[in-house]
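Trainee: build the 3D model from these lines:
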Amino acid sequence: MTRKNDSGSAADAITRPASEESIPDLVDFVRRTATGCGYQDDTIEDLGRATEEAALNIIRFACRGMQAEIGVMCLVHENGALYITITDTGAPFNMLLAGTFPETDDFFGPGQKPSTKIMKKAARNIEYKRNADKNILIFTVSHDPGGIIRKG
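Mentor: Sure, this is the predicted structure:
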């Protein structure tokens, strides 16, 4: 768990190759961070599943047929919100919009559209941006009532 301090220190992070074999490490990293923050078990499981869903989308669509990396960074804001930032070095790909337009049927075969249902359930807000040749997906997870205990 990392809390941003006055000096703006870096958050905890992990980087792995963009392959399905890396998914358990990425999911475990997010779950351990959420556990360390005191989040409730159901929230921790939702965040693990959301991380898995995002990583699968990245591997299947942004990094298909290329060598790339997926990074996950976690930061706890002073208000108790958890920010999970997932980056990849794949092709530009906004999974949040990929399945929302009828025209996407032309690009994806049956059962091949990226899913974001689990992510949208787990995070209050999800944001996508492209910067420095990386896709950046940010989950904002509200303070978990009964979870995070603030030290006075």
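Trainee: for the element among helices and strands of the chain having the smallest mean pLDDT, packing partners?
Mentor: Using mean pLDDT, DSSP states H and E, helix 95-98 stands out as the lowest-scoring helix or strand of the chain, at a mean of 82. Here helix 95-98 touches strand 125-131, going by 3 or more Cβ pairs under 8 Å, 6 or more residues apart in numbering; DSSP states H and E. For glycine as for every other residue, the C-beta is placed from the backbone atoms N, C-alpha and C.
Trainee: which elements pack onto the strand it packs on?
Mentor: Counting contacts by 3+ Cβ pairs under 8 Å, 6+ apart, strand 125-131 is packed against helix 95-98, strand 134-141.
Trainee: quick one, which of these is packed in tightest?
Mentor: Sort these by mean neighbour count, taking mean count of other Cβ atoms under 10 Å, and strand 134-141 sits at the top with a mean of 20.
Trainee: quick check: angle from the longest helix seen in the chain to strand 125-131?
Mentor: In the chain, with assignment by DSSP state H, the single longest helix is helix 41-57. In terms of direction (axes from the mean of the first three to the mean of the last three Cα atoms, to 10 degrees), helix 41-57 departs from strand 125-131 by 30 degrees.
Trainee: can you show me the CA trace of helix 41-57 as PDB?
Mentor: Output in PDB follows, covering the C-alpha atoms of helix 41-57 (Å, rounded to 0.1, in the frame of the first residue of the first chain):
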ATOM      1  CA  ASP A  41     -13.300  -8.900   0.700                       C
ATOM      2  CA  ASP A  42     -16.100  -8.400  -1.900                       C
ATOM      3  CA  THR A  43     -14.400  -5.200  -3.100                       C
ATOM      4  CA  ILE A  44     -11.000  -6.900  -3.200                       C
ATOM      5  CA  GLU A  45     -12.500  -9.700  -5.400                       C
ATOM      6  CA  ASP A  46     -14.300  -7.200  -7.700                       C
ATOM      7  CA  LEU A  47     -11.000  -5.300  -8.200                       C
ATOM      8  CA  GLY A  48      -9.200  -8.600  -8.900                       C
ATOM      9  CA  ARG A  49     -11.800  -9.600 -11.500                       C
ATOM     10  CA  ALA A  50     -11.700  -6.000 -13.000                       C
ATOM     11  CA  THR A  51      -8.000  -6.200 -13.400                       C
ATOM     12  CA  GLU A  52      -8.200  -9.600 -15.000                       C
ATOM     13  CA  GLU A  53     -10.900  -8.300 -17.500                       C
ATOM     14  CA  ALA A  54      -8.800  -5.200 -18.400                       C
ATOM     15  CA  ALA A  55      -5.600  -7.300 -18.800                       C
ATOM     16  CA  LEU A  56      -7.400  -9.800 -21.100                       C
ATOM     17  CA  ASN A  57      -8.800  -7.000 -23.200                       C
END
